[in-house]
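Predicted coordinates and the sequence they were generated for:
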Amino acid sequence: GGDPSAHVAALRDRHAVVLREVVPGFDEAEAWLLGSFSELEDVLREGPIGDAERDYDRVVSYGELWST
């Protein structure tokens with residue numbers, strides 16, 4: 001429960017710093033990254049769908065995308 005905003009913001013900021021260090025000046029990548037964090041925040045606000053494995057996959061898949 002609770003508002004996920006602070007946790008998502010901390011993750012977003014950390015990943016944005018890494019992206020800027022690895023791919024400076026790539027505005028499209030940064031826009032995509034920030035947009036995906038907004039999507040994650042929406043998923044977290046919706047809450048669990050009642051299937052623990054699917055709930056896990058819905059969240060973890062974002063981390064997998066960010067790490068590629």
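Good, I have the coordinates.

can we go C-alpha only for contacts and neighbour counts from here?
Will do.

and the helix ranked longest in the chain, what does it pack onto?
What stands out as the longest helix in the chain, according to DSSP state H, is helix 27-46. Packing contacts for helix 27-46, counted by 3 or more CA pairs under 8 Å, 6 or more residues apart in numbering; DSSP states H and E, involve helix 5-22, helix 52-66.

Can you say which of those helices is nearest to D42?
Between D42 and the helices and strands packed on helix 27-46, the tightest spacing by CA to CA is seen for helix 5-22, at 9.7 Å.

tell me what that closest one is packed against?
Helices and strands touching helix 5-22, by 3+ CA pairs under 8 Å, 6+ apart, are helix 27-46.

can you list contacts of stretch 50-57?
48-49 (CA atoms under 8 Å, 6 or more residues apart in numbering).

then it to CSV, C-alphas only?
Only the C-alpha atoms of stretch 50-57 are listed here, as CSV (Å, rounded to 0.1, in the frame of the first residue of the first chain):
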residue,chain,number,x,y,z
GLY,A,50,-4.4,-10.8,-7.5
ASP,A,51,-1.9,-13.1,-9.2
ALA,A,52,1.4,-12.9,-7.4
GLU,A,53,3.5,-14.1,-10.3
ARG,A,54,1.9,-11.7,-12.8
ASP,A,55,2.1,-8.8,-10.3
TYR,A,56,5.8,-9.6,-9.9
ASP,A,57,6.4,-9.8,-13.7
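
How far away from the center of its chain is it?
Here the centre of stretch 50-57 is set off from its chain's centre by 17 Å, with CA atoms, centre = their mean, to the nearest Å.

What of stretch 44-62?
13 Å.

got it, and stretch 29-44?
5 Å.
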